[in-house]
Every structure is written in C-alpha cells, then in structure tokens.
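K.L.:
Structure of the sequence below:
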Amino acid sequence: QVQLVESGGGLVQAGDSLRLSCAASGRTFSSYAMGWFRQAPGKGREFIAAINWSGGSTYYADSVKGRFTISRDNAKNTVYLQMNNLKPEDTAVYCCAARDGGYYSTKWVDYDYWGQGTQVTVSS
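P.N.:
Sure, this is the predicted structure:
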C-alpha cells in the first residue's frame, strides 16, 4: 500500500514556474514507477510525465516537453515535477500516481495508487 500526497500547487502568472512535490508513504517507494497526470475542468485525465523506479528513465507528453522536468529522490520518498514557462492551458488539478513494478506507463489505468491532487492555476 502506498499513500501519495501532493503539494506545491498555486496561482501563478504565465511564464512563471512552480515545483510540485509528491510525498509517498511506505518503505518500498523505490520499487514503484511514478507518473504525473492532470485534469482540467471538462476534460479527461491527461498524462504529463513519468519516471522509472531508479530515476534513470523519464518520459514526457509533447505538450510539456522542454518545459517540465520530473525527478525523484528515493531517500526522501518523493517525486517532483518542476514546471517552467507555465501557460494558461496548464491550468488543471495535478495528481501523482504510483505503478508497481518499477516501469512507467502513459496510461492512467496502469497506475495502482493515486494522490488527491493539487490545483495549478495559470493566469494570462
């Protein structure tokens, strides 16, 4: 069982940066791949970024590639999402997710545990 708690969201202006954190409970965090997804009002859940168990492999959606960076610190049981050059279309609730087995997926149905999410609002 893994419990995930996101933090770091907020209201920013276009062009600003934010860093989201996702703290995980449990002693086996390093065995999970981690992903970030977002959901804007009236839209479906969108894959943003993922990282494998060691942090050695990452993958990004085209919409955020070059602007967002996912990383993890297994000693702190935490995964991060650094978001730079934010745009109004990045406004959404951002959730982290954990997938058992260590290898990531871009499909939300492949993830086993989810956090409650943190709101990111980008004004123009």
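K.L.:
Can you list the residue ranges for strands in this structure?
P.N.:
Here the chain has its strands, by DSSP state E, at 4-7, 10-13, 18-24, 32-39, 46-51, 58-60, 68-73, 78-83, 92-100, 113-114, 118-123.
K.L.:
just these: most buried one?
P.N.:
Ranked by mean neighbour count, the strands of the chain are led by strand 32-39 with a mean of 26 (mean count of other Cβ atoms under 10 Å). For glycine as for every other residue, the C-beta is placed from the backbone atoms N, C-alpha and C.
K.L.:
Packing partners of that strand?
P.N.:
Judged by 3 or more Cβ pairs under 8 Å, 6 or more residues apart in numbering; DSSP states H and E, the packing partners of strand 32-39 are strand 18-24, strand 46-51, strand 68-73, strand 78-83, strand 92-100.
K.L.:
rewinding a little: can you redo the strands of the chain as a markdown table with mean pLDDT and distance to T106?
P.N.:
As requested, the strands of the chain are exported to a markdown table (pLDDT from 0 to 100; distance: least, Cβ to Cβ, whole Å):
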| stretch | mean pLDDT | distance to T106 |
| --- | --- | --- |
| strand 4-7 | 98 | 18 |
| strand 10-13 | 98 | 26 |
| strand 18-24 | 98 | 17 |
| strand 32-39 | 97 | 8 |
| strand 46-51 | 98 | 4 |
| strand 58-60 | 98 | 7 |
| strand 68-73 | 98 | 12 |
| strand 78-83 | 98 | 15 |
| strand 92-100 | 97 | 11 |
| strand 113-114 | 96 | 15 |
| strand 118-123 | 98 | 20 |
